Structure formats: C-alpha cells, structure tokens
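[1] Requesting a structural model of the entry that follows:
(one chain, ligands or ions: 2)
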Amino acid sequence: MIQAPKNLKTIEAHFLELQSIHPAASGDFTGLLSDITFACKVISREVNKAGLVDIIGATGDENIQGEVVQKLDEFANNVFLKCLGTRDQVCILGSEELDEPLFIDAHSGSGNYIVVFDPLDGSSNIDANVSVGTIFGIWKRKSRLNRVDLSDLLQAGCQQVAAGYVIYGSSTMFVYTAGHGVHGFTLDPSLGEFLLSHENITTPFTGEIYSVNEAYEPMWEPEIREVVRQIKYGQNTTSKRSDAPTSGAGKSTRYIGSLVADFHRNLLYGGIYLYPPTKNKPQGKLRLMCEAAPLAMIAEDAGGYASDGKQNILDIIPTEMHMRVPLYIGSRGDVMWIEQMLSKK
Ligand code: AHM
Ligand code: MG
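    Ligands and ions are numbered 1, 2, ... in the order given. Modelled structure (predicted):
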C-alpha cells in the first residue's frame, strides 16, 4: 500500500495548534513565539553571510556602502531587542549582551512574559565557520497589574513556560518546547519558513559521547577529574535500565566549544556535556538564565536531565540575571551518575 506523504507543517501552523490546546489563550504567547522565530530568521540570514565580511567589509569597519558593519553578536542582540522590545506581550527582556535587564516601561502594565536570551552563543567560533546558536527561555510574570520587579525576572528554570534554541549550522534549525514535547523545525531558506522536521524529539537514556574542555583538567577539583576519568575509561558498566544511574563505559569525546552545537548533537545521539567549575571559575562559565535553564528544560522534556553537580538546574533560583552555574546536561542516566559521583565527595 502506498503511504500518503506526510504533510508539510510550518512552525506558525504548529504554534496555532499549540494555542488551540488552550481555548482561553489570548494569542499573546503565539505572537511572542512568532516574533522570536522571525528574529532568528534575520540572524540566520546574517550568520550565513559571515564568511563574506572580509570581502564586503570586516566587522567594526565600513562596508562598501559606507555603513559600519556590526559585530554579529551585537547585531543578533539588536535584532532580538527590535523584534521583542516593542511588543505588548513582553515586560522584561534579559540578554547575555545586556549588563542589566530591560524593563519595558511602556508595557509594564500589560506584558505578561519575561524573555531571557543569549542572542549568539559561541560567536568566537564564527570566523572558522563553526556552528553557533541562539538560546532563549520564557517565563510568565508573577506580579499583577502595573508592578513588575526583579522577582519577576529571577525565577527558577522550572517556572519557564517555554524554552528553545536555534542552531545556525549546515542548516538552520529551531528546537523548542512549551511543555508539549520537544520539536525541531528546519529553515527552508528559499521559502523563508521553518518546517517541522523533528517531531517529539527524545534523547537516549545513556549515550556514547562526552563533551568537555579537557584542557582545564589541571584546574579541576580531584572529584571532577575522577568523574571524567571514569567516563573516559569506562570503569563502571553502562546500564540501559531506565531506573539506574549509569556511568559511561569508555565514551568518545566530541567537543566543538559551541554549546548549542554540542548540546544539539548530544540530544539527538545521546551523550553528556560538562562545564565543571575550575579554580579560576568556581561557578563555571555558563549562565543560568540564558544558557543552562532553557537547555535544561529542553533536555528534561526530551527525557534527559541537567544538574549543577548537586541539584537539578531547573530548581535553582537565580540571584542575578548573569548568575553562572556548573553544568552537566544530556542523557538522564549519565547526568544522574555524575550527580551521584559528585555527591560522594
Ligand atoms: P559565550 O557565551 O561567550 O559564547 O561562551 C559560551 C561558550 C559555549 O558556547 C561553549 O560551550 C563554551 O563557551 C566554550 O568555553 P571554553 O572555550 O572555555 O571551552
Ligand atoms: Mg553564551
């Protein structure tokens, strides 16, 4: 029997389906997701031109039209601010590129959502044509009426209503969750549309990959060194049982040094990404609100897990927007095993 071909589904159609699950929805959330999608298309277009900067004008210099070419991370930040900063749905914007959160005065009485984003993570890789990404988390305001304050921003990751990332790689992909599964959409540049390509992504319980910058080993605490040594040499047997924490038995290293790309690969194939504390960075490098918490929500909704070594990343309440955390994220069994190992110290 000939199977009917699967329907093409745009991301907009998918958002509308999501909205129809909630009959009382005003459409604000759908509008917000659409704005983020649009911002990411603009960033994608510019990232794809990055290799041309030496021809048409290096960043910071003037291009042939006499315009100053912005650095791509600044550009991406400005795109997000322009696409979201004037929308009624948003009351606070936080960005890796902004020192302080932006309270959107004009809409503080009406905007229901807080969006925190890293507009272009891994941008130091861009000159080498390595994949980079955008990460975002969305929270709902807690306070009512015309008051919005820092407590609306500083919420734990488990309070997120949606989270996502976009990878600008061999193709551009938008991956997100709003609590109804993790879905991936690939950009068709000729149509300018994100099309559903990866429905209901789930990640393996254990994986064969570990991703960590091992050059920092001399600056790790002994227990971190031991964890990575056991992952590398596979001293414990890997169990596929879904109720048992596992260690990796001789996993392979894959480390791009671009979080979204490392996370995305591990999500699809199974594996763990580690950014442990070091002597000179006791809280690690990655930021809770714009990097760790959004990816943790995606990991968890895909069946994975994220920890700071002691607790679920999603349970940590930020003390400030740029708070950093150690991060162990990916296949649930592998991350649980790391957490168990580190709790023995
Ligand atoms: P950035 O936000 O300044 O781009 O830094 C985050 C990046 C991640 O994408 C990547 O995983 C990590 O830094 C790499 O750090 P390191 O070079 O210390 O291994
Ligand atoms: Mg970053």
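
[2] Point out where the stretch 1-150 of the chain drops to low pLDDT.
    Residue ranges of the stretch 1-150 of the chain with pLDDT under 70: 1-5, 51-70, 105-109, 145-146.

[3] Could I get the full set of strands for it?
    90-95, 102-103, 113-121, 132-140 (DSSP state E, counting those that start in this stretch).

[4] and if you look at the stretch 201-345 of the chain?
    209-211, 252-253, 271-275, 305-307, 327-330.

[5] Please identify the most buried of the strands of the stretch 1-150 of the chain.
    Comparing the strands of the stretch 1-150 of the chain by mean neighbour count (mean count of other C-beta atoms under 10 Å), strand 113-121 comes out on top with a mean of 28. In short, each C-beta sits where N, CA and C put it, glycine included.

[6] Strand partners (parallel or antiparallel) of that one?
    When sheet partners are counted by DSSP bridges, strand 113-121 sits next to strand 90-95 (parallel), strand 132-140 (antiparallel).

[7] closest one to ligand 2 among those strands?
    For the strands paired with strand 113-121, distance to ligand 2 was read as C-beta to the ion. The smallest value, 7.2 Å, belongs to strand 132-140.

[8] Residue 219 reaches residue 278, doesn't it?
    Yes - assessed by C-beta atoms under 8 Å, residue 219 is found in contact with residue 278 at 3.8 Å.

[9] Specify which residue of those two has the higher count of neighbours.
    residue 278 (19 against 13; other C-beta atoms under 10 Å).

[10] That one contacts residue 217, doesn't it?
    No - using C-beta under 8 Å, residue 278 is not in contact with residue 217; the gap is 9.3 Å.

[11] Bridged to the spatially closest residue to residue 178 that is not a sequence neighbour, which residues?
    In this structure, residue 178 finds its nearest non-sequential neighbour in residue 162, 4.0 Å apart by C-beta to C-beta, 6 or more residues apart in numbering. With DSSP bridges as the criterion, residue 162 is bridged to residue 138.

[12] mind listing the helices for the stretch 51-200 of the chain?
    If DSSP state H, counting those that start in this stretch is used as the criterion, the helices of the stretch 51-200 of the chain fall at 53-56, 72-84, 150-153.

[13] Save those helices as CSV, and put in mean neighbour count and distance to residue 22 too.
    Formatted as CSV, the helices of the stretch 51-200 of the chain follow (neighbours: other C-beta atoms under 10 Å; distance: least, C-beta to C-beta, whole Å):
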stretch, mean neighbour count, distance to residue 22
helix 53-56, 13, 44
helix 72-84, 21, 21
helix 150-153, 17, 21
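
[14] on that earlier part again, can you redo the strands of the stretch 1-150 of the chain as a markdown table, where the extra columns are distance to ligand 1?
    Formatted as a markdown table, those follow (distance: least, C-beta to the nearest ligand atom, whole Å):
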| stretch | distance to ligand 1 |
| --- | --- |
| strand 90-95 | 11 |
| strand 102-103 | 19 |
| strand 113-121 | 5 |
| strand 132-140 | 8 |
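
[15] about what we covered before: which one of the helices of the stretch 51-200 of the chain lies nearest to residue 197?
    Residue 197 lies closest to helix 72-84 among these, at 22.8 Å (C-beta to C-beta).

[16] how far out from the middle of the chain is the closest one?
    16 Å (C-alpha atoms, centre = their mean, to the nearest Å).

[17] is ligand 2 contacted by stretch 161-176?
    No - under the criterion of C-beta under 5 Å from the ion, stretch 161-176 makes no contact with ligand 2; the nearest approach is 11.0 Å.

[18] Can I get that stretch in CSV, CA atoms only?
    Taking Å, rounded to 0.1, in the frame of the first residue of the first chain, the C-alpha atoms of stretch 161-176 are listed here in CSV:
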residue,chain,number,x,y,z
VAL,A,161,6.6,28.3,30.0
ALA,A,162,8.8,27.6,27.0
ALA,A,163,12.5,27.4,26.0
GLY,A,164,14.3,26.9,22.8
TYR,A,165,17.4,27.2,20.8
VAL,A,166,18.3,27.8,17.2
ILE,A,167,21.4,26.3,15.6
TYR,A,168,23.0,28.0,12.7
GLY,A,169,24.7,25.0,11.2
SER,A,170,24.7,23.2,7.9
SER,A,171,21.1,24.1,8.0
THR,A,172,19.3,26.4,10.5
MET,A,173,17.2,24.6,13.0
PHE,A,174,14.7,25.9,15.6
VAL,A,175,14.2,23.5,18.5
TYR,A,176,11.7,24.3,21.3
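
[19] Any buried residues in that stretch, and which?
    161-169, 172-176 (16 or more other C-beta atoms under 10 Å).

[20] Which one of the residues in the stretch 101-250 of the chain is closest to ligand 2?
    residue 121 (3.7 Å).
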